[in-house]
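Student: model this:
(4 chains)
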There are 2 protein chains.
Amino acid sequence: MAQSSKQTQTDKLAADIADSILSGVLAPGARLDEHGLAERYAVSRTPVREAIRSLAAMGLVELRPRRSAVVAEITPEKLETMFVAMGELEATCARLSALSMTPIERRRLQNQHERMGALVETDDVAGFVEANVTFHGLIYAGSHNTILADMVIRLRRRLDPYRRAQFRSPGRLPRSQAEHDLVVQAIVSGNAAGAHAAMLDHVSLVEDTFVSLTATRAA
Amino acid sequence: MAQSSKQTQTDKLAADIADSILSGVLAPGARLDEHGLAERYAVSRTPVREAIRSLAAMGLVELRPRRSAVVAEITPEKLETMFVAMGELEATCARLSALSMTPIERRRLQNQHERMGALVETDDVAGFVEANVTFHGLIYAGSHNTILADMVIRLRRRLDPYRRAQFRSPGRLPRSQAEHDLVVQAIVSGNAAGAHAAMLDHVSLVEDTFVSLTATRAA
DNA sequence: AGTTGCGATTTTGCATGCAGAATTGATTGA
DNA sequence: TCAATCAATTCTGCATGCAAAATCGCAACT
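Tutor: Residues are numbered from 1 along each chain as shown, chains lettered A, B, ... in the order given. Here you go, the predicted structure:
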């Protein structure tokens, strides 16, 4: 990802702890003991403290003065809110892509979409999931707005653990592909409102899948 | 603003330095010397370092390993990007408000809008500016999505220094009010797409005002 | 039995000190 | 006169230490 020697201990710690949180190794609500973490990573408490501060500003951990920092709890309500926010941001990126993608970017998006069509044919779920990340990434980039793109990328990363089984449900691949088709058509033809609506539909359906999953999990 | 004794030195420093940056006391590109800041605030370097780290995660300062942190430069391109992002987020909040505001919230928005009409009549610019913040705040809250609301609030705060003279141009008040009227009507009637479009129009026009201002400033 | 008060321990917040990288300035050579 | 090199200084990254706040455990009381 990034060079390892150039960045500071603090940066490495922040990245590693963030991974631990996002991957679920550190469960929500878990206390981040400075001394313990320092010992675990064989550094002093100072870089640990600074790393925790970074994570707090990113919203990954909650910082209560004079009390241990804890991994931010994600309530179902908050999760719902995050999914809605991500859907809206995705739709916005699609809208902006329709308005400001270059011809080359539109071509690339079409190519990626066609490539994914082949993966649907062979029912290659793993391949599709990977290509799907690229597909959405093209749209983030196509918005030509790094602020929005960063926001949605961060949200996606944050929601990743809750999206794992997204393409498990049978028949999801061809359906996703069909939804993508509407999005691509709108973007390529410069139909901003259409791209917005199509993407919103697409991600909302994904969200529905998620909701049913959590319902299952909660039972 | 917040209680002063409960929060830590680091928090107070972060807030104060952030204010200095947002108010322009610390100009973009200015180096944040840890020792100097520590001396200025009569604390040690440790809380200063931690505060700077928080600001870095918020995007207010740029952190280059082994080199001084500097106040994040805002290039005209970046500023443009931020304004576009804020416009899209505002429009999204308006959209969600149209979908999910409670009857009480819709009523409140209408009331606020009507109150601002009176301020336009008397040409009370200061009063209108203040009421305008409340007006937009109602829409952020009305989205019932704290993630998006936080994003747009933070962006607004960040852009504030560049919006100071927003209502200086003659005739801006009645025009703003007319634009607001379209937004309010759409939200109150539950017209999501209309609210989105109306708000986008509104903030885009504000942006145009800004663009002309920077053009003036640059000359 | 449950609750409240108090002391011991843990843990955070901050100061200080040191090693190494980066910057500055001066000196030297073309 | 200007550019390049090298030494001195400055500043960052991190470790360590100390004081205060918070937490925990135990005991006494209602």
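
Student: name the element the spatially most central residue of chain A belongs to?
Tutor: Closest residue to the average C-alpha location of chain A: residue A:156 at 1.2 Å, with C-alpha atoms, centre = their mean. Assigned by DSSP states H and E, residue A:156 belongs to helix A:146-159.

Student: show me what that helix is packed against.
Tutor: Counting contacts by 3 or more C-beta pairs under 8 Å, 6 or more residues apart in numbering or on different chains; DSSP states H and E, helix A:146-159 packs against helix A:76-100, helix A:125-142, helix B:76-100, helix B:146-159. Quick note: C-beta positions are derived from backbone N, CA and C, even for glycine.

Student: now the angle from it to helix B:76-100?
Tutor: Helix A:146-159 and helix B:76-100 are oriented at 60 degrees to each other (axes from the mean of the first three to the mean of the last three C-alpha atoms, to 10 degrees).

Student: give the contact list for the closest residue to the residue nearest to the centre of chain A other than its chain neighbours.
Tutor: Distance criterion C-beta to C-beta, 6 or more residues apart in numbering or on different chains; nearest residue to residue A:156, sequence neighbours excluded, is residue A:86 at 6.4 Å. When contacts are counted by C-beta atoms under 8 Å, 6 or more residues apart in numbering or on different chains, residue A:86 is found next to A:152, A:155, A:156, A:159, A:203.

Student: that older thread, dump the helices and strands packed on helix A:146-159 to JSON lines, plus mean pLDDT and distance to residue A:12.
Tutor: Listed next are those as JSON lines, based on pLDDT from 0 to 100; distance: least, C-beta to C-beta, whole Å:
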{"stretch": "helix A:76-100", "mean pLDDT": "95", "distance to residue A:12": "27"}
{"stretch": "helix A:125-142", "mean pLDDT": "96", "distance to residue A:12": "25"}
{"stretch": "helix B:76-100", "mean pLDDT": "95", "distance to residue A:12": "28"}
{"stretch": "helix B:146-159", "mean pLDDT": "94", "distance to residue A:12": "27"}
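
Student: returning to that earlier point: okay, buried residues for the helix or strand following the helix holding residue A:156 please.
Tutor: Counting by DSSP H and E, the element after helix A:146-159 in chain order, helix or strand, is helix A:172-188. With burial defined by 16 or more other C-beta atoms under 10 Å in any protein chain shown, the residues of helix A:172-188 counted as buried are A:172, A:173, A:176, A:177, A:179, A:180, A:182, A:183, A:184, A:186, A:187, A:188.

Student: so the second one sits right up against residue A:132, yeah?
Tutor: No - Residue A:173 lies out of contact with residue A:132 (C-beta atoms under 8 Å); the separation is 9.6 Å.

Student: quick check: neighbours shared by those two?
Tutor: Residues within reach of residue A:173 and of residue A:132 at once, by C-beta under 8 Å, 6+ apart, are residue A:167.

Student: contacts for stretch A:187-204?
Tutor: With contacts defined as C-beta under 8 Å, 6+ apart, stretch A:187-204 is touched by A:86-88, A:90-99, A:101, A:106, A:109-110, A:139, A:142, A:176, A:179-180, A:182-183, A:185-186, B:193.

Student: which residues are contacting the helix holding residue A:156?
Tutor: Applying C-beta under 8 Å, 6+ apart, the contact partners of helix A:146-159 are A:22, A:58-60, A:79, A:82-83, A:85-86, A:89-90, A:92-93, A:96, A:136-137, A:140-141, A:143, B:81-82, B:84-85, B:88, B:147, B:151, B:155.

Student: make it 6 Å
Tutor: With contacts defined as C-beta atoms under 6 Å, 6 or more residues apart in numbering or on different chains, helix A:146-159 is touched by A:82, A:86, A:89, A:93, A:140, A:143, B:81, B:82, B:85.

Student: before we move on, what about stretch A:17-28?
Tutor: For stretch A:17-28, contacts defined as C-beta under 6 Å, 6+ apart pick out A:51, A:60, A:71, A:73, A:74, A:161.

Student: quick one: buried ones out of those residues?
Tutor: A:51, A:60, A:71, A:74.

Student: can you check the pLDDT for the nearest residue to residue A:205 once chain neighbours are set aside?
Tutor: In space, and not counting its chain neighbours, residue A:205 is closest to residue A:179: 6.8 Å by C-beta to C-beta, 6+ apart. We have a pLDDT of 96 for residue A:179.

Student: repeat that for residue A:208.
Tutor: pLDDT, residue A:208: 61.

Student: do residue A:219 as well
Tutor: Model confidence at residue A:219, given as pLDDT, is 33.

Student: with adjacent residues omitted, what lies nearest to the closest residue to chain B within chain A?
Tutor: Using C-beta to the nearest C-beta, the single residue of chain A nearest to chain B is residue A:57, 3.1 Å away. Sequence neighbours aside, residue B:57 is the residue nearest to residue A:57 in space, at 3.1 Å (criterion: C-beta to C-beta, 6+ apart).

Student: so how far is the helix or strand hosting the one you found from its chain's centroid?
Tutor: Using DSSP H and E, residue B:57 sits within helix B:45-58. Helix B:45-58 sits 22 Å away from the centroid of its parent chain (C-alpha atoms, centre = their mean, to the nearest Å).

Student: could you give the angle of that helix to helix A:45-58?
Tutor: Counting by the same axes, to 10 degrees, helix B:45-58 lies at 30 degrees to helix A:45-58.

Student: then helix B:45-58 to CSV, C-alphas only?
Tutor: Taking C-alpha atoms only, helix B:45-58 is exported to CSV below (Å, rounded to 0.1, in the frame of the first residue of the first chain):
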residue,chain,number,x,y,z
ARG,B,45,4.8,19.9,22.9
THR,B,46,2.8,16.7,23.6
PRO,B,47,-0.7,18.1,23.6
VAL,B,48,0.3,20.4,20.7
ARG,B,49,1.3,17.3,18.7
GLU,B,50,-1.9,15.5,19.5
ALA,B,51,-4.0,18.5,18.6
ILE,B,52,-2.2,18.8,15.3
ARG,B,53,-2.9,15.2,14.6
SER,B,54,-6.6,15.7,15.1
LEU,B,55,-6.5,18.6,12.8
ALA,B,56,-4.7,16.6,10.2
ALA,B,57,-7.4,13.9,10.3
MET,B,58,-9.9,16.7,9.8
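
Student: anything in that helix near DNA strand D?
Tutor: Yes - shown here: helix B:45-58 in contact with DNA strand D (C-beta under 7 Å from any atom of the strand) through B:45, B:46, B:49.

Student: neighbour-wise, which one of those leads?
Tutor: Tallying neighbours with other C-beta atoms under 10 Å in any protein chain shown puts residue B:49 at the head of the residues of helix B:45-58 next to DNA strand D, with 21 neighbours.

Student: what about the residue nearest to that residue when sequence neighbours are not counted, neighbour count?
Tutor: Sequence neighbours aside, residue B:34 is the residue nearest to residue B:49 in space, at 6.0 Å (criterion: C-beta to C-beta, 6+ apart). Applying other C-beta under 10 Å, we find 17 other residues in the vicinity of residue B:34.
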